[in-house]
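Engineer: sharing a sequence plus its predicted fold:
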Amino acid sequence: MKMKTLKEGIVAHADSLGKLFKFSAEHTCRSMLHSLEEFANMELVTFKELTAGFFLGFEHYLWASGCSRNTSACYFRALRAICKGAERQGMLKDANQLFSGVFMGYEETRKRALSIEQLRMVVDADLEDVPSLGVARDLFILSYYLRGIPFIDLAYLRKTDIQDNVLCYRRSKTGRMLTITLEPWMWEIIERYLCDDSGSPYLLRIIRQSGSIPEERKQYESALRLYNKHLYRLSERLGLGVRLTSYVARHTWATLAYNEDIPVSKISAGLSHASEEITHTYLRSFSDEQLAVVNLQMAALVNPMAAKEWKGKEKERGKGNRNDKESKSSQNELHISVPIPGRKRNDSGGKGTISN
């Protein structure tokens, strides 16, 4: 059935994404439609009436409403895909021309990642008095150990995804297959949150009850909201200076791997990126502090004040390296060694769930 209005096209596109389990993209479409309905009467906006001026006005409305340039660009990329589909059905002539005046690129922002010291603060935090924060911490660290697995993939892991101590799963966003050997420090957390319902296909107690796709999706979205809420409370409690979210674990894995001089090609493979260019986007602003150190080193060649500061940093770095050597017994290329949570205590009592 041909769709006449842009709203019909967006709803149909969102529904198709949901059927493909692409819930994040579906959520983006529905959020975009909500903003469009605030901007214009979408019941009356047909594909034939669309103009470049309409989308330019929508962009200005989004920015004035506090929407970031990256979020608006994400909306317009989705709108372009929908309009190209309408173009193939003969409902409009030149979809690309409609978006010639709007920003659809990527504006670099400061990445959200923890330093190794901050990550160890999270690992070592005594959370016995607030079990819900202990659960959030454990899942965050498990995400980090599993090469920055996104929360949606963690939630939808199936019991059958583990064979012979190897986890094999497909990323919901890209469909790419990942294979991870499960180590003892991973099992410590997995076993704590194993789903003990024999009728459930899921590995962890995140989606608590198996049901229809919409029912399970509601459970996932509720768990994600609660997870991010608890992570925020955890970051405030520890005074990290970085707001923890579900995605910080992924950025942290990439950042620390980069800082350990692991080749970008291996980081890209670890994150299952389609290309190294995507990984470079992750890493582009990670090295600001490193570049500042390099700049100080260059200034120290000619400036006495800089030379004195550089000498002090060299002493600090030498002391840090000695401490690291004492605390690390081994480290491989795709695992950054950090303290293992749960060895000294079980903050969540062994029965925690994300819904606590």
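Structural biologist: Great, that's in hand. Keep in mind that this is a model prediction, so the values were computed, not measured.

Engineer: contacts and neighbour counts: CA atoms only from here.
Structural biologist: OK.

Engineer: Gln118 reaches Leu240, doesn't it?
Structural biologist: Yes: applying CA atoms under 8 Å as the test, Gln118 and Leu240 come out as touching, 6.4 Å apart.

Engineer: contacts for the helix or strand Leu79 falls within next, please.
Structural biologist: For Leu79, the host element (DSSP states H and E) is helix 69-88. With contact meaning CA atoms under 8 Å, 6 or more residues apart in numbering, helix 69-88 is reached by 9-10, 13, 28-29, 32, 47, 59, 62-63, 92-96, 99, 102-107.

Engineer: please point out which parts of that helix sit buried.
Structural biologist: 69-80, 82-87 (16 or more other CA atoms under 10 Å).

Engineer: how close does the closest residue to Ile267 other than its chain neighbours sit to Arg233?
Structural biologist: Leaving out its chain neighbours, the residue that sits closest to Ile267 by CA to CA, 6 or more residues apart in numbering is Ala254, at 6.4 Å. In this view, Ala254 and Arg233 are 24 Å apart by CA to CA, to the nearest Å.

Engineer: next one: Glu314
Structural biologist: Taken as CA to CA, the span from Glu314 to Arg233 is 36 Å.

Engineer: who has more neighbours, those two?
Structural biologist: Arg233 (16 against 13; other CA atoms under 10 Å).

Engineer: contact partners for the more buried one?
Structural biologist: Leu133.

Engineer: pLDDT value on it, please?
Structural biologist: Arg233 is assigned a predicted lDDT (pLDDT) of 96.

Engineer: which SSE is Tyr61 in?
Structural biologist: helix 52-64.

Engineer: pLDDT of that helix, averaged?
Structural biologist: Here the average pLDDT along helix 52-64 is 95.

Engineer: packing partners of that helix?
Structural biologist: Judged by 3 or more CA pairs under 8 Å, 6 or more residues apart in numbering; DSSP states H and E, helix 52-64 is in contact with helix 23-39, helix 69-88, helix 95-98.

Engineer: quick check: buried residues in it?
Structural biologist: Within helix 52-64, the residues scored as buried using 16+ other CA under 10 Å are 52, 55-56, 58-59, 61-62.

Engineer: any weak-confidence spans in the stretch 251-356 of the chain?
Structural biologist: Low-confidence segments of the stretch 251-356 of the chain (pLDDT under 70): 269, 272-295, 297-299, 301-303, 317-356.

Engineer: please repeat the previous calculation with a cut-off of 80.
Structural biologist: 257-307, 313-356 (pLDDT under 80).

Engineer: repeat for the stretch 1-150 of the chain
Structural biologist: 1-3, 21, 23-24, 106-112.

Engineer: follow-up on the earlier one: got phi/psi on the residue nearest to Ile267?
Structural biologist: phi -70, psi -40 (degrees, to the nearest 10).

Engineer: could we number from 450 for the rest of this?
Structural biologist: Will do, 450 is the new start, and the previous item becomes Ala703.

Engineer: state the distance from Thr701 to Tyr593.
Structural biologist: 7 Å.

Engineer: equivalent analysis for Ile656, please.
Structural biologist: 20 Å.

Engineer: out of the two, which sits in the more crowded spot?
Structural biologist: Counted by other CA under 10 Å, Ile656 and Tyr593 do not tie: Ile656 has more neighbours, with 27 against 24.

Engineer: mind checking the SS state of that one?
Structural biologist: coil (DSSP: H, G, I helix; E, B strand; the rest coil).
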